[in-house]
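S.K.: coordinates only, sequence not included:
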């Protein structure tokens, strides 16, 4: 999940939404205890994130959050295919319910969108998708590896009017180091910002 691949995945999710409606770092101890004392508001969502992390809102490609500028650079096209050790990158895509004809719950959206997009990458290794609750929000989640990085894809029900798809990537073997931080970000996530 790096370079243009992150942007491409966000675009693929957007295209699948249109098709559905008929349209054309640090060590793990430090990571798990990060304070989410910064706020982002834009693109219809708001969320909290750790100090020193960077946010980039891109029209048509969602919102990107990265633990460093170099990780954001990797996500947007310059840099290595493998994310650096101790770093996390996340893409947020807002999915208004009005655009999700016939897809009203996080698991259905996850299965139809992200899993079908990943099936085009024969090197992707994914665990079975699961329903989870994070901060009182219903979510569907799948984890595994894609393009040499650990990945987690989540679809979060943020309101009656919208879901938010998140695609997170970390260096191989490191996604678990970011579980608490990612869950805290999801807990703070709201729609209508």
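M.R.: Yes, it's here. If you're wondering where the values come from, they're calculated on a predicted model, not measured in any experiment.

S.K.: Okay, and the beta partners of the residue nearest to residue 170 when sequence neighbours are not counted?
M.R.: Spatially, and ignoring its direct neighbours in sequence, residue 170 is nearest to residue 150 (4.7 Å; CB to CB, 6 or more residues apart in numbering). Quick note: C-beta positions are derived from backbone N, CA and C, even for glycine. When assigned by DSSP bridges, residue 150 has beta-bridge partners residue 145, residue 170.

S.K.: confidence score at residue 150?
M.R.: Looking at residue 150, its pLDDT stands at 94.

S.K.: how many neighbours does it have?
M.R.: Around residue 150 there are 22 other residues, counting by other CB atoms under 10 Å.

S.K.: Please name the residues that touch it.
M.R.: Residue 150 is in contact with 143, 144, 169, 170, 171, 172, 173, 174, 175, counting by CB atoms under 8 Å, 6 or more residues apart in numbering.

S.K.: which of those residues are buried?
M.R.: 143, 144, 169, 170, 171, 174, 175 (16 or more other CB atoms under 10 Å).

S.K.: could I get the residues you listed as JSON lines with distance to residue 69 and pLDDT?
M.R.: As requested, the buried ones among the contacts of residue 150 are exported to JSON lines (distance: CB to CB, whole Å; pLDDT from 0 to 100):
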{"residue": "143", "distance to residue 69": "26", "pLDDT": "93"}
{"residue": "144", "distance to residue 69": "27", "pLDDT": "91"}
{"residue": "169", "distance to residue 69": "16", "pLDDT": "94"}
{"residue": "170", "distance to residue 69": "17", "pLDDT": "95"}
{"residue": "171", "distance to residue 69": "17", "pLDDT": "93"}
{"residue": "174", "distance to residue 69": "19", "pLDDT": "96"}
{"residue": "175", "distance to residue 69": "21", "pLDDT": "96"}
